[in-house]
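Chemist: Next come a sequence and a model predicted from it.
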Amino acid sequence: MVVSVASPPSSAAVASPPSSAAVVSPVTEPSKSSLPQLSGTFYRSPAPGEPPIVKVGDKVKFRCCVSLSQ
């Protein structure tokens with residue numbers, strides 16, 4: 001497994017909520033490309049000034065800790 005870091009979406013990529021006049025079709029199956037909207041803090045290292053737990057390109061094993069989140 002190789003770790004990769006994606007950049008956050010730009011403001012142009014974020015869709016605005018539909019207006020009251022918009023027609024919304026029902027979604028029967030979630031898209032495989034959609035990601036859940038999670039909020040929180042992502043930590044690459046265990047403490048300030050410490051090296052990152054893993055770096056981009058590092059090989060990691062199954063169930064290996066790659067970050068801390070809060």
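Modeler: Perfect, I can see it now.
Chemist: count of neighbours near S67?
Modeler: When neighbours are counted by other C-beta atoms under 10 Å, S67 registers 14. All C-beta atoms are positioned from the backbone trio N, CA, C, and that covers glycine.
Chemist: Please report how far it lies from P52.
Modeler: Distance from S67 to P52, counting by C-beta to C-beta, to the nearest Å: 8 Å.
Chemist: any idea how far the residue nearest to T41 when sequence neighbours are not counted lies from V60?
Modeler: Leaving out its chain neighbours, the residue that sits closest to T41 by C-beta to C-beta, 6 or more residues apart in numbering is Q70, at 4.6 Å. Distance, Q70 to V60, by C-beta to C-beta: 21 Å.
Chemist: Comparing those two, which shows the higher neighbour count?
Modeler: Neighbour totals were compared for Q70 and V60, and V60 leads with 13 against 6 (other C-beta under 10 Å).
Chemist: what comes up buried for stretch 47-54?
Modeler: Residues I53, V54 are the ones in stretch 47-54 that count as buried (16 or more other C-beta atoms under 10 Å).
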